[in-house]
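J.: this is a predicted model, with the sequence first.
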Amino acid sequence: MSALRLCEQLSDLGWDRRTREDRDRAGRYQTPEQRAITAIVMSRAIAMGASGFALTGSTARKRRTAISDLDYHVIGRRPDVSDLPGDLDVIATSEARFRSRLIDGDDFAQWTLRCGCVLHDSGPMRDGVRLVVEMDLWPNAQRKLDSLDIHRAEVERLIHMGDQDAAHEQLRAMLTTAARGLLLQARIFPLARKELPAQLERAGYGPLARILDRMIHVAPQLDELEGGLQVLDATLDTERVRLSA
Amino acid sequence: MEEERVNDAINALFYAGEAAVVALADEHEIDTKKHHGLKADAAGELHKKGVLAYDFGATLRILNQARKDIWYEGEEPELDGDLEDLVARVEELVEAAEAIG
């Protein structure tokens, strides 16, 4: 994350400094192999007309885990990365869609602007920062929390089937979504997944913090996955009571 | 098909396809280390070894990206073709895995 606050990035000088720092961080936080992959993905994206390209996700925060992808946010068309090694995740949006996602309260678009390493920008990312500052945009927490019902149905289906690995992955995604929703609701911007348990703990969501931490670092049995759902239910019930009081 | 059912279908296809590749990879001593990318690579290697008639690596990568678009980003998935084509490819993959008994 840039040391500069978003409002300090609005000037030419501020934006130059931010992008210079981002390139430096991306260089330091990636292995030589990851840097090579990033260079290829970026050159392909730019060749296809991308107007913005950022390294996002845990790598941009130097918080990779054993399960981390290399994540990119492209403003433009998604380049083909099927021939490249490793787990790559390329999110591609048009300039108009990027702008509308910010205005609609999408947290991933803001994550790119707040925490990502901007490696190429001919305007949309800088415009995005301006939009966030001038409109005082904050991601929509309720949207994250509303999506939990759909996650739950899928987790329960996978647990019922006995597909431990898939259920684990789906529950981890669900708890991550819940964590992001609850933190946003508390006006705390959620960082990389590995950092969420500490953020949750500090915000008073201890049990959820501990179960998410386990889901990130260990491979739990099916009964523990069911337990994870119960912890989440209890957290959300408490939150509902707190908000209605 | 309703959007929600499409999302469920993509998840189910992805995990079924991966499970089939892992079963075949274990049989042929190819380590996938529980990484999605390595499982897709293993599908390619199984094809090179003649175990699979087709390289299903691209199928797994498309489904993995679609799954992440849906569950992590809340976006519409890009399927690069019909869902029915993906169903047929995963069915073929699962049948190959079932054949090892």
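T.: Now that the structure is in, tell me what you want to look at. Numbers count the residues shown, from 1 in each chain, chains lettered A, B, ... in the order given.
J.: could you use CA atoms for every contact and neighbour count after this?
T.: OK.
J.: what is the burial count for the residue of chain A found nearest chain B?
T.: Nearest residue of chain A to chain B: residue A:87, at 4.6 Å (C-alpha to the nearest C-alpha). Residue A:87 has 22 neighbours, counted by other C-alpha atoms under 10 Å in any protein chain shown.
J.: verify the stated contact: it with residue B:36.
T.: Yes: with contact defined as C-alpha atoms under 8 Å, residue A:87 counts as touching residue B:36 (6.4 Å).
J.: mind listing the strands for chain A?
T.: For chain A, applying DSSP state E gives strands covering A:52-56, A:70-75, A:88-93, A:117-121.
J.: mean neighbour count, distance to residue A:222 and mean pLDDT added to those, as CSV?
T.: Below are the strands of chain A laid out as CSV (neighbours: other C-alpha atoms under 10 Å in any protein chain shown; distance: least, C-alpha to C-alpha, whole Å; pLDDT from 0 to 100):
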stretch, mean neighbour count, distance to residue A:222, mean pLDDT
strand A:52-56, 27, 31, 97
strand A:70-75, 24, 28, 95
strand A:88-93, 21, 27, 90
strand A:117-121, 23, 37, 97
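J.: make TSV out of the ones you listed and add distance to residue A:1.
T.: Output for the strands of chain A, formatted as TSV (distance: least, C-alpha to C-alpha, whole Å):
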stretch	distance to residue A:1
strand A:52-56	10
strand A:70-75	15
strand A:88-93	19
strand A:117-121	7
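J.: okay, now the unreliable bits of the chain?
T.: Answering for chain A, as no chain was given. Within chain A, the ranges that satisfy pLDDT under 70 run A:3.
J.: not quite, I wanted chain B
T.: B:1-4, B:73-74, B:80, B:101.
J.: which stretches in the chain count as helices?
T.: With no chain named, the answer covers chain A. A:12-29, A:32-47, A:57-60, A:95-103, A:107-115, A:124-134, A:141-146, A:148-161, A:164-185, A:196-203, A:206-217, A:222-244 (DSSP state H).
J.: not quite, go with chain B.
T.: Going by DSSP H, chain B shows helices at B:3-27, B:36-48, B:57-71, B:83-98.
J.: between those, which gets nearest to residue A:142?
T.: Closest to residue A:142 of the helices of chain B, according to C-alpha to C-alpha: helix B:57-71, at 15.9 Å.
J.: what packs against the closest one?
T.: Using 3 or more C-alpha pairs under 8 Å, 6 or more residues apart in numbering or on different chains; DSSP states H and E, the elements in contact with helix B:57-71 are strand A:88-93, helix B:3-27, helix B:36-48, helix B:83-98.
J.: what's the separation between residue A:7 and residue A:15?
T.: Per C-alpha to C-alpha, to the nearest Å, residue A:7 is found 10 Å from residue A:15.
J.: which one's more surrounded, these two?
T.: Taking neighbours as other C-alpha under 10 Å, residue A:7 and residue A:15 compare with residue A:15 leading, 17 against 13.
J.: how about that one, nearest residue that isn't a chain neighbour?
T.: Distances taken as C-alpha to C-alpha, 6 or more residues apart in numbering or on different chains put residue A:9 closest to residue A:15, at 4.7 Å, once the chain neighbours are dropped.
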